[in-house]
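S.K.: Provided below for reference: sequence and predicted model.
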Amino acid sequence: MIAAPALPVADTAEADISPSLRHALRMLESADAAGDGEAWSRAVSQVAWCYQAAGDPERAEWHLQQGLRRARTLGRPQACLDALCDMASAALAAAIRHDAAGEPRLAHRARERLRDYSFEAARLVADASAPALQAAVLMRLSDLLYLCGDTEDARALQQRAQRLLADAAAPHAA
């Protein structure tokens, strides 16, 4: 079993935790106790999405970072890719929240994290064998970059995805 860092639980009273989050935290605890890496990855992702749904993207991002660390340790590139894409989404939500709260420095930091996660995922996806998967991930990352205002990099990822799809669709010479 690979030891993971202690995961923080909600700062609110137990009664204030949503039933979905409570269930996800129990699943995470069970998977960790059993040493089941696959179940742990699914559970930590579910915990993150529960925090995201509750409006706490930073806590979601933190949990996804733990999932990324474990996926790297276990040598699971697809899980790494999933975590990076989800972390980029959480960082975008954090940027939007900080902008709305009048916290431009925190919003800027969140957008920088989004870019970092996106570019790391874009590098990692190049190792994926299926061009359609590569293109789908690149388009998702492109959308996130566009939403954070990085239109130039968003356009570059879109073009990369379109080239992949065009190359995959082109007839191959025998």
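M.R.: Arrived safely.
S.K.: How many residues are close by the residue lying closest to D32 once chain neighbours are set aside?
M.R.: Nearest-residue entry for D32: W40, 5.8 Å, with adjacent residues in sequence omitted and distances by C-beta to C-beta, 6 or more residues apart in numbering. In short, each C-beta sits where N, CA and C put it, glycine included. Neighbours of W40 under the rule other C-beta atoms under 10 Å: 26.
S.K.: and W40, how far is that from L25?
M.R.: To L25, W40 is 12 Å away according to C-beta to C-beta, to the nearest Å.
S.K.: List the contacts of the residue nearest to D32.
M.R.: Residues in contact with W40 (C-beta atoms under 8 Å, 6 or more residues apart in numbering) are 4, 28, 31-32, 70.
S.K.: Which helix or which strand is home to it?
M.R.: Using DSSP states H and E, W40 falls within helix 37-53.
S.K.: can you give me how far that helix is from the chain middle?
M.R.: Computed by C-alpha atoms, centre = their mean, to the nearest Å, the separation of helix 37-53 from the middle of its chain amounts to 11 Å.
S.K.: what's the following helix or strand after that helix?
M.R.: Once helix 37-53 ends, the next helix or strand along the chain (criterion: DSSP H and E) is helix 57-74.
S.K.: Which neighbouring elements make contact with that next one?
M.R.: Counting contacts by 3 or more C-beta pairs under 8 Å, 6 or more residues apart in numbering; DSSP states H and E, helix 57-74 is packed against helix 37-53, helix 77-100.
S.K.: Counting neighbours, which bits of the helix or strand containing R123 end up buried?
M.R.: Using DSSP H and E, R123 sits in helix 104-125. Neighbour-count burial for helix 104-125, counted by 16 or more other C-beta atoms under 10 Å, picks out 106-107, 110-111, 113-115, 117-122, 124-125.
S.K.: Next, the buried residues of the helix or strand bottoming out on mean pLDDT in the chain.
M.R.: Counting by mean pLDDT, DSSP states H and E, the chain has its least confident helix or strand at helix 37-53, which shows a mean of 90. Using 16+ other C-beta under 10 Å as the test for burial, helix 37-53 gives 37, 40-52.
S.K.: mind putting the residues you listed in TSV, distance to L74 included?
M.R.: Converted to TSV, these look like this (distance: C-beta to C-beta, whole Å):
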residue	distance to L74
G37	5
W40	9
S41	8
R42	13
A43	14
V44	13
S45	14
Q46	18
V47	18
A48	18
W49	21
C50	23
Y51	23
Q52	24
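S.K.: what's the closest of those to A156?
M.R.: Nearest to A156 out of the buried residues of helix 37-53 is Q52 (C-beta to C-beta; 27.0 Å).
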